[in-house]
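Trainee: dropping a prediction and its sequence here:
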Amino acid sequence: MSRPPKKRENSIRTAITPWLESLPRTLTATLTAQPDTLGGPSTNGPPTNGPPTNGPADTTQQLLDRAPRRWVVYEPMVLLPSGSFTSQPWPSLLALLTAAQKDTLWTAILLALSPPCRPPLTHLAINSAIPLHQTASSESEPDPAAPAPTPAPPPPKENLLRSPSGLLPLHGVFTRATPAPAANNPPDFRASLWVHTKQNGIHQTWAPTHTMFSRGNIKEKARLLSAFGGPSSLSHPAAAPGPPGPAAPQTHAIDLYAGIGYFTFCYARLGFRVLCWELNPWSVEGLRRGAARNGWSVRVVGPSSSSSFSSSSSFSSSSSFSSSSSSTSTALGTGDGDGDGDGDGNSDGTAPEPGAVDMGAVLRGPEQIVVFQEDNRHAAARIRAARAAGVELGVGHVNCGLLPSSAGVWRDAWEMQARGGGAGWLHLHENVGVDAVEGRKGEIQGLLDGWCREGGRGEEARVEHVELVKTFAPGVWHCVFDVFITGPRAAG
Ligand SMILES: C[S@@+](CC[C@H](N)C(=O)[O-])C[C@H]1O[C@@H](n2cnc3c(N)ncnc32)[C@H](O)[C@@H]1O
């Protein structure tokens, strides 16, 4: 009979045990004696958070039991789960510690988690859910001198850029203090920590205090890589009626919420040229660095020509662009280039005019990935302009990766694919209640049928598959509706 496997000691616990032993005894004694500390003798009724303790030994045990047990490494950072060190007696202990004592703890954890034969891990933080709305600190303060009655405060703005404002750095410099960039200038990317991971053999790079990283998307990325082929797997019958023209492959993929390139890089790996839209300059920079690390050339079409774009580690601060990875940058002329990246548009709520870009020139360039740092409301117009300039733009995939719903761009996504002629896929992301998935599939089919009828060219579009990626919340699936569009000729 084989022996049960030996339980492996948790590395964080291994780091914390000697650190706790090194603390002055008076400290744990104070903690044990505190009436409001979890587990301490309570004079105000039973403790709210757990059983009482009998002394410092019990307190130490509780500290070990309530230390985080899981973590993820995004080199050179360790990310602890949301809520780490919030169960008593941790908050009480942390409040009693000097900065040096806390630093010794964080350093011990980093050392214990650093893999052998790799550079040591240097930064530690606690994760937090991405807030749905911008945080209060970024909104204006109420004016105490304002005459009553004051108007109701405006509703909180949606956190469109998915900024991880709740991330709690514990150790290491995450952002170096630099003079605030002047209006319309890009942020100082050199001042921030950049972290890195590899998923499905693809490198990803991002600045954790500015950009979200969705680890849960690894499954969907793996599916894209395995379930779909490259450009030659899609047929491209001629777009216009008449005798079939020369078959051009569906060489392009479009990613409308590109982030740091989660899905963009999958299409690049499959062999597509990828056109991306992304509002957050930090995500665009992460995408650019990640693309370079994977060996893909990238061009950023951004709101400012003074961007300090460069290859993955060296930066040029001038308007000229230096890169070892054939990266280039192009400025958007006018439009929503206000540098705040919030896609606020015009005051009447209409989309601002897109900045002037010679789409023919941009897309005749050699880069495999082209990123437009602007609101994706402009994407369809840009694609139309490129086609009008004679660029052959067959589209194999359009990715619409925004939650809770990307429905706002579906009509444009359909147009960008269908007007290129030939077959291709739309991937429509949306959160849907577990019991509503079939119904939603029917509704989406209805929308597609309507657009195909209006289009009047005989395209057909069908929801071929619904991928249930992960549970977003209890009873809610993150769904991807895979839609296959056949071009007019393929539809007969
Ligand atoms: C949830 S992330 C998606 C990233 C990636 N597709 C994923 O699913 O993990 C959404 C991204 O879309 C960007 N975004 C939101 N609204 C946008 C818009 N109107 N135009 C372009 N990008 C937008 C945000 O800045 C953010 O990086």
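Mentor: That came in fine, so what should we check first? Numbering: from 1, shown residues only.
Trainee: low pLDDT regions in the protein?
Mentor: Scanning the chain for pLDDT under 70 picks out 1-2, 4-7, 35-56, 131, 135-151, 181-184, 235-248, 304-327, 333-354, 489-492.
Trainee: ok, 80 please
Mentor: Low-confidence segments of the chain (pLDDT under 80): 1-9, 28-29, 31-57, 129-166, 177-186, 215-216, 235-249, 304-355, 487-492.
Trainee: for it, what's the longest strand?
Mentor: The residue-count maximum for a strand in the chain (DSSP state E) belongs to strand 460-473.
Trainee: can you show me the CA trace of that one as CSV?
Mentor: Below are the C-alpha coordinates for strand 460-473, written out as CSV (Å, rounded to 0.1, in the frame of the first residue of the first chain):
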residue,chain,number,x,y,z
GLU,A,460,-25.5,34.8,-43.7
ALA,A,461,-24.5,34.8,-40.1
ARG,A,462,-25.1,32.1,-37.5
VAL,A,463,-24.3,31.7,-33.9
GLU,A,464,-22.4,28.5,-34.2
HIS,A,465,-21.3,28.0,-30.6
VAL,A,466,-21.7,29.5,-27.1
GLU,A,467,-18.6,29.1,-25.0
LEU,A,468,-19.2,29.3,-21.3
VAL,A,469,-15.8,30.7,-20.2
LYS,A,470,-16.2,31.0,-16.5
THR,A,471,-18.7,32.0,-13.8
PHE,A,472,-18.5,35.8,-13.5
ALA,A,473,-20.7,35.9,-10.4
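Trainee: so what strands line up beside the helix or strand just after that strand?
Mentor: The C-terminal neighbour of strand 460-473 among helices and strands, as given by DSSP states H and E, is strand 476-486. Using DSSP bridges, the strands paired with strand 476-486 are strand 424-433 (antiparallel), strand 460-473 (antiparallel).
Trainee: which outside residues touch the first one?
Mentor: Identification of contacts with strand 424-433 by CB atoms under 8 Å, 6 or more residues apart in numbering yields 224, 228, 234, 250, 263, 394-407, 410, 413-414, 417, 440, 444, 461, 472-473, 475-485. (Glycine included, C-beta is placed from N, CA and C.)
Trainee: what's opposite the closest residue in space to Arg462 that isn't next to it in sequence in the beta bridge?
Mentor: Leaving out its chain neighbours, the residue that sits closest to Arg462 by CB to CB, 6 or more residues apart in numbering is Phe484, at 5.6 Å. Beta-bridge pairing for Phe484 (DSSP bridges): Trp425, Arg462.
Trainee: OK, contacts around Phe262?
Mentor: Phe isn't right for residue 262; it's Tyr. Going by CB under 8 Å, 6+ apart, Tyr262 touches 204, 214, 217, 221, 401.
Trainee: these: which ones sit near the ligand?
Mentor: 214, 217, 401 (CB under 6 Å from any ligand atom).
Trainee: between those, which sits nearest the ligand?
Mentor: Gly401 (3.0 Å; CB to the nearest ligand atom).
Trainee: so the closest one sits against Ile260, correct?
Mentor: No. In this structure Gly401 lies outside contact range of Ile260 using CB atoms under 8 Å: 11.8 Å.
Trainee: more neighbours: which of those two?
Mentor: Ile260 (26 against 20; other CB atoms under 10 Å).
Trainee: my guess is Gly365 meets Val300, correct?
Mentor: No. Assessed by CB under 8 Å, Gly365 is found out of contact with Val300, at 11.7 Å.
Trainee: ok, the two, which is more surrounded?
Mentor: The neighbour comparison of Gly365 against Val300 (other CB under 10 Å) goes to Val300, with 26 against 12.
Trainee: tell me the bridge partners for that one.
Mentor: Beta-bridge partners recorded for Val300 (DSSP bridges): Ser329, Val371.
Trainee: what distance do you get for it to the ligand?
Mentor: Separation of Val300 from the ligand (CB to the nearest ligand atom, to the nearest Å): 14 Å.
Trainee: show me which residues of the stretch 51-200 of the chain sit near the ligand.
Mentor: Counting by CB under 6 Å from any ligand atom, the residues of the stretch 51-200 of the chain close to the ligand are 160-162.
Trainee: could you dump these into CSV with neighbour count and secondary structure added?
Mentor: What follows is those, written out as CSV (neighbours: other CB atoms under 10 Å; DSSP: H, G, I helix; E, B strand; the rest coil):
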residue, neighbour count, secondary structure
Leu160, 16, coil
Leu161, 23, coil
Arg162, 21, coil
